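> only the shape, not the letters, is given here:
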């Protein structure tokens, strides 16, 4: 496993590209921001907003998909600041935390209508189990739902703009062409939506779940999208994205942080809504050798909020920690909810561990094998 | 105990996985610790040249042990070449040097159907002529995975339990008492293949 | 009737699933085991696994990973990647692979074809040929060689004569591009071959698969990118073309 020369991302990260000097596409995207004319971009956004308001036929200018987290709360505040009348759409997360519930309710206090789409939890739990055991991702149904549900609502409510947050390919690194993309459409979902090769039609074709029970996870037809002339945009294209600044801003607007550092992250403001996130992040670590702390510390270090030394220390301390608890909820309880035993879970961890990256010591503890930094040419 | 034959050239790993998945305990033939009296079933996996397979099982008296077990009505499932060695000779054999188990009367011939490009490799559907134990809940027209250039021809027609639906001369499975042979690879034939294996394992001794 | 096949091709590097374009620009797609499980669940006809590092001359096929892969597969599966000896073939078959795909070792040592077919039977030996279009001609790409020494037609005739089981062609120009198969290449080789053809490189749509499977000797439509980056699955392809092509459904 080799690291980027300027950040902590490894070459095992899916979709990450490196240039000749060993710099990754996340760093390159970030550098390119300095060359971006953000004033022009803002003007572009204002133009779009004016147009939207002029052409509005229904009750809302746009849809903002929200989790109630720091980023989607920031997106809402931004949209309201620019005079938009959005409808917020929440796709119920897999195992909503108490804190997550509070932050979701906070959305309404900011002055926006909120639709919560909460799919059948019996089916959802089956999908969590399938995601975990089949593709090593307990959050598989969440990835599908958070991208699909807003599109379905757009079609039903006839709202033809969806405003997303950051382009994850830009923020976290992806193929260079994808980092510059402005639109999130079906092909983006299929390529970058975290589906891990598993498709919704696999579920009703090959598992004991009927297609009719998967309605919330089915993307609208291309006819429906075309008829509505539905467009989808990343706010991150118009404004320089900064997760930490988002957190600080929303804190002043009723958003609650966790009372401690969130397990496996090194901060107290990230991923507060879903108890299952710890398991999701742990599997990322087993597969690719890096976890959520790396993502967060990279973003903080790039923007000089933390030194490289502190970032490295935090990564060492928190990255890839076994998720005994997440937001205080025990892993055995989280797994019991979806009918997975600890034994099954441990076997699953073994199966998805990249054995080139890790080995076990005599006591069964996971040890990372040696790293090298890519030498510049 | 189920005896899993290691013929030296077979896809043993695939069988080990499947038996583990089905929670079926087994012992490998080249393991030192088994006695003939402990064996309740035999699986002989496929892949390999007839001569090579016969040569390998002739070591350590394995061939005699198998013969003895089958004579004592221990259920036997032979896959591909594991079915072909039930016969005395094969046209694949060079110089006729190696003789098979000679438990079923007939011979092993090279496929000479002009409509079949050799090797016969891929999914093909079978016509079940005799619904027997291992075909429980399997229908005619089911596809199985084949990969071979030789086929068995039984002297006794009643031994033939299925043939290729579109090439009726090519036998796809045989039976005699507790001996079962399949030309296709059930371990590679997904759900239908697993059914065949389970049906064999479920045979009461 | 013998069914035609839709065959996902999985490329491995450093124990990760990758995708390439024109055989370079490696892109990490994800964890290999999750992909295998998905394709197994989909009851795929067959899978082809290529260890790209080994095929580029870096080490040899990672056998412990291959064992994990076979343990998840209940369908036919082929392995390729720098295979040079009978001992390697024997080991892979023992692990549970049904066939091996050999490319450069055959080009470097043509006698290896007869050697391996004799020992393992033609049904276990698939010849891999990577073809690149240069100066308006089809040339065979050979690892670590800048010259395109072998003539494609002559090589096909030679391999056929030595009784290989199947031919696995990849078009270097089309690979990973999702712009369609290399129909010119296919039309060139089809009349020359008497054995089953598995064709790989560039598949972009359902009609691509249908088109090539309509040719008599093409037994396998191979694809990679469409299964990782688009909504297509082997089942969704088959459901649309089963009327005209004999497939296992």
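Structure received. These figures come from a predicted structure and were not determined experimentally.

> surely residue C:57 and residue C:143 touch.
Yes - in terms of CB atoms under 8 Å, residue C:57 counts as a neighbour of residue C:143; the distance is 6.0 Å. Yep, even glycine has a C-beta here, placed from its N, CA and C like the rest.

> more crowded one of those two?
Set side by side, residue C:57 and residue C:143 give different neighbour counts by other CB atoms under 10 Å in any protein chain shown, the larger being at residue C:143 (14 against 11).

> is it fair to say the more buried one lies in a helix?
No - counting by DSSP: H, G, I helix; E, B strand; the rest coil, residue C:143 is located in no helix; its state is coil.

> spit out the contact partners of the spatially closest residue to it that is not a sequence neighbour.
Distance criterion CB to CB, 6 or more residues apart in numbering or on different chains; nearest residue to residue C:143, sequence neighbours excluded, is residue C:104 at 4.3 Å. Remark: with contacts taken as CB atoms under 8 Å, 6 or more residues apart in numbering or on different chains, residue C:104 is in contact with C:55, C:82, C:142-143.

> could you list the low-pLDDT ranges of chain A?
For chain A, the stretches flagged by pLDDT under 70 are A:168-195, A:361-365, A:370-377.

> what residue in it comes nearest to chain B?
Taking CB to the nearest CB as the measure, the point where chain A comes nearest chain B is residue A:206, at 10.3 Å.

> residue 40: neighbour count?
You didn't say which chain, so I picked chain A. Residue A:40 is flanked by 10 other residues according to other CB under 10 Å.

> ah, no, chain C please
Burial measure for residue C:40: 19 neighbouring residues, criterion other CB under 10 Å.

> before we move on, what about residue B:27?
Count around residue B:27 with other CB under 10 Å applied: 15.

> and the next helix or strand past the helix or strand it falls within?
With elements taken from DSSP states H and E, the one containing residue B:27 is strand B:26-28. Moving toward the C-terminus from strand B:26-28, the first helix or strand encountered (DSSP H and E) is strand B:41-44.

> now do the next helix-or-strand element following that following strand, average pLDDT.
With elements assigned by DSSP H and E, the helix or strand that comes after strand B:41-44 is helix B:50-57. Averaged across helix B:50-57, the pLDDT comes to 90.

> which residues touch helix B:50-57?
B:5, B:7-10, B:29, B:63, B:66, B:81-82, B:84-85, B:90, B:92-94, B:97-100, B:108, B:150, C:119.

> I'd like to know which of the residues you listed are buried.
Buried members of the contacts of helix B:50-57, scored by 16 or more other CB atoms under 10 Å in any protein chain shown, are B:5, B:7-10, B:29, B:63, B:66, B:81-82, B:84-85, B:90, B:92-93, B:98, B:100, B:108, B:150, C:119.

> contact residues of chain C facing chain B?
Proximity of chain C to chain B is confined to C:1-5, C:43, C:45, C:67, C:70-71, C:73-77, C:90, C:93-99, C:119-124, C:165-166, C:194-196, C:217, C:219, C:248 under the rule CB under 8 Å from any CB of the partner chain.

> among the residues you listed, which ones are in helices?
Restricting the residues of chain C next to chain B to those inside helices, with DSSP state H as the criterion, leaves C:67, C:70-71, C:90, C:93-95, C:119-120.

> and those, which is closest to chain A?
Among those, and counting by CB to the nearest CB, the member closest to chain A is residue C:71, at 9.2 Å.

> right, I'll call it a day here.
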